[in-house]
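# 3D, please:
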Amino acid sequence: MIKVFLDASVIIPALLSPTGGSFKLVQFIKLKAIIGITSRTVIEEVEDNSVKIRKSAKEIRQFMHDNSILIRKRISLAEAKPYKSTVVEKDVHVIAGAKLTKCDFLVTLDKKHLLKPDIRKLVKPLKVITPQELLEELVK
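Okay, here's the model as predicted:
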């Protein structure tokens, strides 16, 4: 079964809009058509935006639970270190999380740092992809 690692840039829109691609992707996870994984580090990033997105930490945790998204423990500095030269420091934990959980895809909306061609090439065989790109691949 396909395993996908969700970045905060996907979780936040999924929390906010039941019509967008991020939410639609989460529905595939909820239906157990794919395995959705993130890390405690990513969840902390989402929770850091709780005031801005008007969702409490409890609501965020409930959303993850209700949609069967698995949460790996926090990414340690030692675990992230091998990927430091790959991306900007604030996103190292995302690459590390996807690699450490042996995901097939890292799903993100971060065009500035993660969806760049050079990053996609550096992290192969992990595929860095948008929710929409993955949805298109799933319905083929």
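# Tell me the helices and strands packed up against the lowest-mean-pLDDT helix or strand in the chain.
Comparing helices and strands within the chain by mean pLDDT, DSSP states H and E singles out helix 117-122 as the least confident, with a mean of 90. Here helix 117-122 touches strand 127-129, going by 3 or more CB pairs under 8 Å, 6 or more residues apart in numbering; DSSP states H and E. No exception for glycine: its C-beta is placed from N, CA and C like everyone else's.
# tell me the SS of Ile11?
Three-state call for Ile11 (DSSP: H, G, I helix; E, B strand; the rest coil): helix.
# That one: how many residues sit nearby?
Neighbours of Ile11 under the rule other CB atoms under 10 Å: 26.
# isn't it right next to Glu47, touching?
No: at 10.3 Å, Ile11 and Glu47 do not qualify as touching, with contact defined as CB atoms under 8 Å.
# anything in contact with each of the two?
Jointly contacting Ile11 and Glu47 under the rule CB atoms under 8 Å, 6 or more residues apart in numbering are Ile60.
# list the contacts for Ile53?
Residues counted as contacts of Ile53 (CB under 8 Å, 6+ apart) are 12, 15-16, 46.
# Let's have the residues you listed in JSON lines, adding pLDDT.
Formatted as JSON lines, the entries for the contacts of Ile53 read as follows, by pLDDT from 0 to 100:
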{"residue": "Ile12", "pLDDT": "97"}
{"residue": "Leu15", "pLDDT": "96"}
{"residue": "Leu16", "pLDDT": "96"}
{"residue": "Val46", "pLDDT": "97"}
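# and those, which are buried?
Burial by neighbour count, judged by 16 or more other CB atoms under 10 Å, picks out 12, 15, 46 from the contacts of Ile53.
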